[in-house]
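Chemist: For reference, the sequence and a predicted model appear below.
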Number of protein chains: 4
Amino acid sequence: MRVGVLTGGGDCPGLNAVIRAAVRKGVQEYGYGFTGFRDGWRGLLEGRAVPLGIPEVRGILPRGGTVLGSSRTNPFTADDGVRRIKDNLAKAEIDALIAIGGEDTLGVAARLCDEFGIKCVGVPKTIDNDLSATDYTFGFDTAVNIATEAIDRLHTTAESHMRVLVVEVMGRHAGWIALHSGLAGGANVILIPEQRFDVDEVCAWIESRFRVRYAPIVVVAEGAMPREGGMVLKDGSHDAFGHVRLSGVGEWLAKEIENRTGNEARTTVLGHIQRGGTPSAFDRWLATRFGLHAVDAVHDGDFGSMVALRGTDIVRVPIAEATARLKTVDPALYAEAGVFFG
Amino acid sequence: MRVGVLTGGGDCPGLNAVIRAAVRKGVQEYGYGFTGFRDGWRGLLEGRAVPLGIPEVRGILPRGGTVLGSSRTNPFTADDGVRRIKDNLAKAEIDALIAIGGEDTLGVAARLCDEFGIKCVGVPKTIDNDLSATDYTFGFDTAVNIATEAIDRLHTTAESHMRVLVVEVMGRHAGWIALHSGLAGGANVILIPEQRFDVDEVCAWIESRFRVRYAPIVVVAEGAMPREGGMVLKDGSHDAFGHVRLSGVGEWLAKEIENRTGNEARTTVLGHIQRGGTPSAFDRWLATRFGLHAVDAVHDGDFGSMVALRGTDIVRVPIAEATARLKTVDPALYAEAGVFFG
Amino acid sequence: MRVGVLTGGGDCPGLNAVIRAAVRKGVQEYGYGFTGFRDGWRGLLEGRAVPLGIPEVRGILPRGGTVLGSSRTNPFTADDGVRRIKDNLAKAEIDALIAIGGEDTLGVAARLCDEFGIKCVGVPKTIDNDLSATDYTFGFDTAVNIATEAIDRLHTTAESHMRVLVVEVMGRHAGWIALHSGLAGGANVILIPEQRFDVDEVCAWIESRFRVRYAPIVVVAEGAMPREGGMVLKDGSHDAFGHVRLSGVGEWLAKEIENRTGNEARTTVLGHIQRGGTPSAFDRWLATRFGLHAVDAVHDGDFGSMVALRGTDIVRVPIAEATARLKTVDPALYAEAGVFFG
Amino acid sequence: MRVGVLTGGGDCPGLNAVIRAAVRKGVQEYGYGFTGFRDGWRGLLEGRAVPLGIPEVRGILPRGGTVLGSSRTNPFTADDGVRRIKDNLAKAEIDALIAIGGEDTLGVAARLCDEFGIKCVGVPKTIDNDLSATDYTFGFDTAVNIATEAIDRLHTTAESHMRVLVVEVMGRHAGWIALHSGLAGGANVILIPEQRFDVDEVCAWIESRFRVRYAPIVVVAEGAMPREGGMVLKDGSHDAFGHVRLSGVGEWLAKEIENRTGNEARTTVLGHIQRGGTPSAFDRWLATRFGLHAVDAVHDGDFGSMVALRGTDIVRVPIAEATARLKTVDPALYAEAGVFFG
């Protein structure tokens, strides 16, 4: 039995932990061989295979990113993509494939499995935590820790100077990072893509905070948008809801706050530092267990399935179930945080 | 409505986050007043009440420990304890009590509620994660992160020198910290209190590791014990299983390894640094939600209940259910980690 | 003997460590009393004094910011400023003043001492490390550590995706933070205010980096400016060299790189997180020693002097000497880093 | 011109940064070739050479330990050591050698250079900071940061429970790590090898601390020793002063404190985590500059010299000068810290 492994989509702390765990268990317990494909589906299309044994996965557990590289290539939009994948799998003598990725990567795996009989097992990956069917995805806890630590640092300035501090975090379509880091960091305002915000209400919260002599900290997801228009649109791209996406909402909001309240406002844009560096212990634990259970699914012949976290258990669900809809922040959960606003 | 709050048992990152969240929500949404009692049940016995309003909880979210202090006092072993508690609650005009603590503190709360009609809501707390009825307790994730970071650092030495590195982590009766940090840190041996270890097997794993030219890292819970006797007993105390507890198993094991394998072994004893410092983002999130939901339970009159985590939801369970038995590491889960040994 | 203490200018990790050390030594060794003034010179102008004894400084060592608050108020531009200061010092029975701050705060202290006979001792403070007469100022090491950790995280993405990563760090007039964090973080381009940069040269370095299949990381000080014009000026303010200051050089440069090289570029703007949070061990050590030696200077009657670091020694220099000119990055030192560009 | 590089002695964060900087500058600016020797002098004795070009040093800057491996082998005690070294240098066509290490490694380099004409340049390395002729050695700042963070965490417990917390840090012959981390961490007692301590005085400080209702934190260097005997000696080894070295002074002291004061005491032994993991920004800066200047010394033909830090400058000194005596903590500097004891 030879198992192929690939990682697709944006990089995410924990990818290497999945790879390592799958290889360790597959080799030692089931006697499998492993082959990696470079840069997600692209490497499989192009037949770029790399050996993947225990020596190759030694020492990669704490390292962010992915030793296999990644891409956003979709084989269904490539010329003759499925045939080339089948040929390359046959040439590399691959019996089953573990695909680690987000909505796009897993969607491809589901189709390859369901429509073309390629034996795939999925491992969910998204730093944004917006995949259904799993309580958490690895990478998310790391991102939340990084954002929370940044907010912690801003409190120091908030206690010494009367300034509004705006921090823009990741999350184009789902506000999980903003909500978790905002709550954990003690932010005074948390804005998420799921609910359009009212700039006047934000300013009211800010002014109420100033009245107790502390400077307000505003956490805003990059995909959050004001209730009404008037934003400076920078790239004209569109988000999942069909709205024009705002690039730079943090800076835009800081200017609005300055204009409307007269208080100085400063912006921090965390950007890619949220998805870099060593994974948190939780993410390593989750990713490791995902890797172990993915290879078990291969061993059980449970193809078309994806590993997922439910409570403290790793379970299997149909890949399609996981990618059918975006997991967004429930309004009730967001409302729970409202007690800390202002 | 006036709500009393106390924290009992060992300190644990996240206690302050619970207190803050309960007070913020109780005051702002339900119009409650709050009173803190110093040093757990002792403060309630002695009538040492402190004001607990929004100003008192400002800025405490990221701080470890507990602003209310703690103790291990059990009012049922104190002279006339229940009557004194009732008197002090009446004097302070307390209508309901939120008790934050582990097995002992919650056990007292359950009895006071069930047998003496004192309106209690429990919030579970243990750094060891060994309370039933909740997926996780706050403080645990912080401890695991600290231990994992320590193991990460030891890998550096392990790559440069041929030495055995033993790290002793917390966990007298349950091996959760050892198992999670050992897996997350990529340890080569993980020893937990739930399963007696065989020193010769440990030495065999160590020697197999040396053969691939890496130095082995052994994570041992403070409550782990060898299959046979021969240990230097330091304090003669007994553990939950009726065994003589080994103080200093890390150092003892290091000496045994040196004697049996001839390799140099060094020990790190993390001790109390595992329970100190700022809580991780996960622990702040969990503790904050526990605080919010505990005050909701008070509002709903759901006394005798305890908040608990199930997946991503906060639920309520009878306090007694949570304290009935220790949540230890399942043998199957421990076996899952075995693929990384040696 | 009663000593007044104030902190002026931007907040900076280590301020509290200075205050604590001065008070501890002054009270215990010399029997002094201490009085704090709120919000820098403004509090002294307005007579807002606070008690400052050993209980008040307990636990503040690891806390960022300043328990005394800060402001940028200059008493020489206030009505009757000097007389009000003298009155308030007399009213509070202050014999000597320890002023902790940057160029502005220390400049005021020097004039008050030299021209008006107010007994001042200075403690230098600037996160930018741009004060002459001292090897380092506290806060700088903390800022460099934060920026370096951010760069470390970006390397993960740089290894997995072919993107240009631009990180904007503090430093309006001096490039110390950019230079140190860029070198420590292994940046491929470091741009500082002291030397105008050539965008084409930056693009050449970037393309040379891509040729070895790693994505480039560009560290740019907020005050860095291109050799020629064409920048989108956001606020029209001017820097110390008489140039128009560029707000948002990071984002501007990312766009230029995208336009000129065709590579995607992403920006991180660290902003105020660089000056927040707990001070590094080095900064606590330096700040503590500055506090101890400042109170020694008071004891020796060495007024008009400022404490400074020279090698591993704390020395005293005339305040005026320290504030006479900005300490900028020497071209030879910047050239030393050039071997890592590209 | 071909330059050999080796690293000797205990591992230390920053070794890789030195190697990388030397190679980058040597190759790019001077057109040198480089060869690494494995495991210090042992690899040179045995002729185990590895290629060391720019690809080999890519990505190693933030990694602790040394990619070249290390040992404590002394060629002067090996059979025919000098001749074998000369042969292996000739075989590998090495023109000059950069030796990175502590007292022993540098002592060998000095003799090889002075007595046998082998062209050596030294780079000082010791985590203990106890080498003369340089203000700081790399690795020290990292160790101090790790120890300080541990002490910070212990403060949480110290504020919540009335326990004595003893933390044992590195430092067999010099108390630099204990002094710096103890000061930076706000310890209440700091014990160093340079001054024998009086257990009764320690207990008096502890009791004075308890009187202000805070639990005391004691930082003790592993080489610190009580004024009088009575210690349980574990290994019978001797320290540099001819005294019997105490293994486990932390635990010994904790027991003494418990016996004499009746207070519970807990011990943390940091061990090797102090020398592991990624170097701090300061250490990377220092190590990088040491590497750059070492290759400059080779280029200038300045053999027998060692790079050193003086203030903010890198200078050259004769290797012999640096290794002639141990740099220990000056009594006046230790006395400065005394104001914080108790």
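Modeler: Looks like it came in fine.
Chemist: C-alpha from now on. contacts and neighbour counts both.
Modeler: OK.
Chemist: what residues does chain A put near chain B?
Modeler: For chain A, the residues in contact with chain B (Cα under 8 Å from any Cα of the partner chain) are A:24-25, A:28-29, A:61-62, A:135, A:141, A:144-145, A:148, A:152, A:180-181, A:183-186, A:280-282, A:284-285, A:288, A:292, A:310-312, A:336, A:339-340.
Chemist: filter the residues you listed to the buried ones?
Modeler: A:24-25, A:61-62, A:135, A:141, A:144-145, A:148, A:152, A:180-181, A:183-186, A:280-282, A:284-285, A:288, A:292, A:310-311, A:339-340 (16 or more other Cα atoms under 10 Å in any protein chain shown).
Chemist: before we move on, the earlier item: in strands, which of the residues of chain A next to chain B fall?
Modeler: Those of those mapping onto strands are A:R310, per DSSP state E.
Chemist: The residues of chain A next to chain B in helices, which ones?
Modeler: A:24-25, A:28-29, A:141, A:144-145, A:148, A:152, A:180-181, A:183-185, A:281-282, A:284-285, A:288, A:292, A:336 (DSSP state H).
Chemist: restrict these to contacts with chain C.
Modeler: A:D152.
Chemist: Right, and chain B sits closest to which residue of the stretch 1-150 of chain A?
Modeler: At 5.3 Å from chain B, A:N145 is the closest residue in the stretch 1-150 of chain A, using Cα to the nearest Cα.
Chemist: ditto for the stretch 201-342 of chain A
Modeler: A:G311 (3.8 Å).
Chemist: What does the pLDDT read for that residue?
Modeler: The model reports A:G311 with a pLDDT of 97.
Chemist: ok, it - contacts?
Modeler: A:D135, B:D135, B:R310, B:G311, B:T312 (Cα atoms under 8 Å, 6 or more residues apart in numbering or on different chains).
Chemist: who's in contact with the helix or strand of chain A with the lowest mean pLDDT?
Modeler: Ranking every helix and strand in chain A by mean pLDDT, DSSP states H and E puts helix A:319-323 at the bottom, with a mean of 87. Applying Cα under 8 Å, 6+ apart, the contact partners of helix A:319-323 are A:E103, A:L106, A:G107, A:A110, A:G122, A:L131, A:S132, A:A133, A:T134, A:G304, A:S305, A:M306.
Chemist: Could you list the paired strands of the helix or strand A:V5 falls within along with their orientation?
Modeler: Counting by DSSP states H and E, the element that carries A:V5 is strand A:2-7. Using DSSP bridges, strand A:2-7 pairs in its sheet with strand A:33-37 (parallel), strand A:96-101 (parallel).
Chemist: any idea of the mean pLDDT in it?
Modeler: pLDDT averaged over strand A:2-7 gives 98.
Chemist: Off-centre distance for it?
Modeler: Relative to the centre of its chain, strand A:2-7 is centred 21 Å away, using Cα atoms, centre = their mean, to the nearest Å.
Chemist: next one: stretch A:179-193
Modeler: A distance of 17 Å separates the centroid of the chain from that of stretch A:179-193, by Cα atoms, centre = their mean.
Chemist: what's the span of it, first residue to last?
Modeler: End-to-end distance for stretch A:179-193, by Cα to Cα, to the nearest Å: 11 Å.
Chemist: Kindly report the same for stretch A:204-217.
Modeler: End-to-end distance for stretch A:204-217: 13 Å, by Cα to Cα.
Chemist: Stretch A:30-42 too?
Modeler: 28 Å.
Chemist: Please spell out which residues along it are buried.
Modeler: By 16+ other Cα under 10 Å, the buried positions in stretch A:30-42 come out as A:Y32, A:G33, A:F34, A:T35, A:G36, A:F37, A:R38, A:D39, A:G40, A:W41, A:R42.
Chemist: Identify the residues contacting that stretch?
Modeler: A:1-9, A:23, A:26-27, A:43-44, A:47-53, A:68-75, A:92, A:94, A:105, A:299.
Chemist: repeat for stretch A:331-338
Modeler: Here stretch A:331-338 has contacts from A:L179, A:L183, B:L292, using Cα under 8 Å, 6+ apart.
Chemist: now with 10 Å?
Modeler: A:175-176, A:179-180, A:182-183, A:187-192, A:194-195, B:21, B:25, B:288-289, B:292-293, B:313 (Cα atoms under 10 Å, 6 or more residues apart in numbering or on different chains).
Chemist: tell me which of the contacts of helix A:319-323 is nearest to B:V220?
Modeler: A:T134 (31.2 Å; Cα to Cα).
Chemist: so the closest one makes contact with A:P318?
Modeler: No - the criterion here is Cα atoms under 10 Å, and A:T134 misses it with A:P318 at 11.5 Å.
Chemist: what's the overlap in contacts for those two?
Modeler: A:M306, A:V307, A:A308.
Chemist: Please identify which helix or strand holds the second one.
Modeler: Spelled out, it's A:V307. strand A:305-310.
Chemist: circling back to that earlier point, among the contacts of stretch A:331-338, name the buried ones.
Modeler: Using 16+ other Cα under 10 Å, the buried members of the contacts of stretch A:331-338 are A:175-176, A:179-180, A:182-183, A:187-192, A:194-195, B:21, B:25, B:288-289, B:292-293.
Chemist: Spatially nearest residue to A:V169, not counting backbone neighbours?
Modeler: A:A221 (5.0 Å; Cα to Cα, 6 or more residues apart in numbering or on different chains).
Chemist: pLDDT at that neighbour, what is it?
Modeler: On the pLDDT scale, A:A221 gets 97.
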